[in-house]
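**Q** task: produce atomic coordinates for the following.
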Amino acid sequence: MKIYLISMLCLLSLELRAQQITVGGVAKINSTRELQPLNSAEMLKKPKGLLNERDVQYLPKANNLYEKDGVYIGLWQVTDGDARRTLEQVQKELEGIYKLVNTIAVIGSEIKTYNNIKYFIINEIDKGEYYYRFFSETHNMRSINGFIKYKKEDKDKAAAILKDLLNNAKFKN
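**A** Residues are numbered from 1 along each chain as shown. Modelled structure (predicted):
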């Protein structure tokens, strides 16, 4: 009986660890059990995958890349963030830049709070590819950034993944 109980506790412990994503030294995100972690090379080799070299070239070496049902997620930390720039300023600047670039069309953008963290979220089409990109407010000079890349027909699935990630993100102190 004791062996059975210890075995069950070990399995439960492994399951709980598998449900948590650490974004550098900045944040932890829970409730992502269904996301499959991948490295950059695996992402690029996937048949009919959405990601290309352009998507992963700027991610840090210790990146967090995931897939769920053909939707791709990239997460990273930004340290030494500029706390003087508000998300409203970032939104205005990025939308201004996108107006100058002929290949990017903004579907929508908003500043929204999830789990007491404010995010700037922009939904865009870049050269025929669909993205949600998000930028958190700074916390102790650090922030969480990421993207979700999806096919047009998977927009609702991508929006649900985005909401789940942001609702479950917590800054480390």
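
**Q** can you pull out the strands in the protein?
**A** In the chain, the segments counted as strands under DSSP state E are 21-23, 27-29, 36-38, 64-68, 71-79, 104-114, 117-126, 129-136, 142-150, 169-171.

**Q** highest mean neighbour count out of these?
**A** Highest mean neighbour count of those: strand 142-150, a mean of 23 (counted as mean count of other C-beta atoms under 10 Å). For every residue, glycine as well, the C-beta is placed using N, CA and C.

**Q** now do it against strand 117-126, angle only.
**A** 40 degrees (axes from the mean of the first three to the mean of the last three C-alpha atoms, to 10 degrees).

**Q** C-alpha coordinates for strand 142-150, CSV please?
**A** C-alpha atoms of strand 142-150 as CSV (Å, rounded to 0.1, in the frame of the first residue of the first chain):
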residue,chain,number,x,y,z
ARG,A,142,11.3,42.9,-16.9
SER,A,143,8.4,41.9,-19.1
ILE,A,144,6.9,39.0,-21.0
ASN,A,145,6.7,39.0,-24.8
GLY,A,146,5.4,36.4,-27.2
PHE,A,147,3.5,35.5,-30.3
ILE,A,148,0.9,33.0,-31.4
LYS,A,149,1.1,32.1,-35.1
TYR,A,150,-2.0,30.5,-36.7
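
**Q** flag every buried residue along stretch 150-159.
**A** 150, 154, 157-159 (16 or more other C-beta atoms under 10 Å).

**Q** and it, average pLDDT?
**A** Here stretch 150-159 scores 94 as its mean pLDDT.

**Q** before we move on, what about stretch 87-104?
**A** The pLDDT scores in stretch 87-104 average 89.

**Q** that older thread, rebuild the strands of the chain as a markdown table, extending it with distance to Leu94.
**A** Shown next, in a markdown table, are these (distance: least, C-beta to C-beta, whole Å):
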| stretch | distance to Leu94 |
| --- | --- |
| strand 21-23 | 21 |
| strand 27-29 | 21 |
| strand 36-38 | 27 |
| strand 64-68 | 22 |
| strand 71-79 | 14 |
| strand 104-114 | 8 |
| strand 117-126 | 7 |
| strand 129-136 | 9 |
| strand 142-150 | 12 |
| strand 169-171 | 21 |
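
**Q** how about the contacts made by the residue nearest to Ala159 when sequence neighbours are not counted?
**A** Closest residue in space to Ala159, ignoring its immediate chain neighbours: Tyr132 at 7.3 Å, by C-beta to C-beta, 6 or more residues apart in numbering. When contacts are counted by C-beta atoms under 8 Å, 6 or more residues apart in numbering, Tyr132 touches 121-123, 147-148, 150, 158-159, 162.

**Q** that older thread, could I get the buried residues of stretch 150-159 as JSON lines with distance to Asn116?
**A** Shown next, in JSON lines, are the buried residues of stretch 150-159 (distance: C-beta to C-beta, whole Å):
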{"residue": "Tyr150", "distance to Asn116": "27"}
{"residue": "Asp154", "distance to Asn116": "29"}
{"residue": "Lys157", "distance to Asn116": "26"}
{"residue": "Ala158", "distance to Asn116": "23"}
{"residue": "Ala159", "distance to Asn116": "21"}
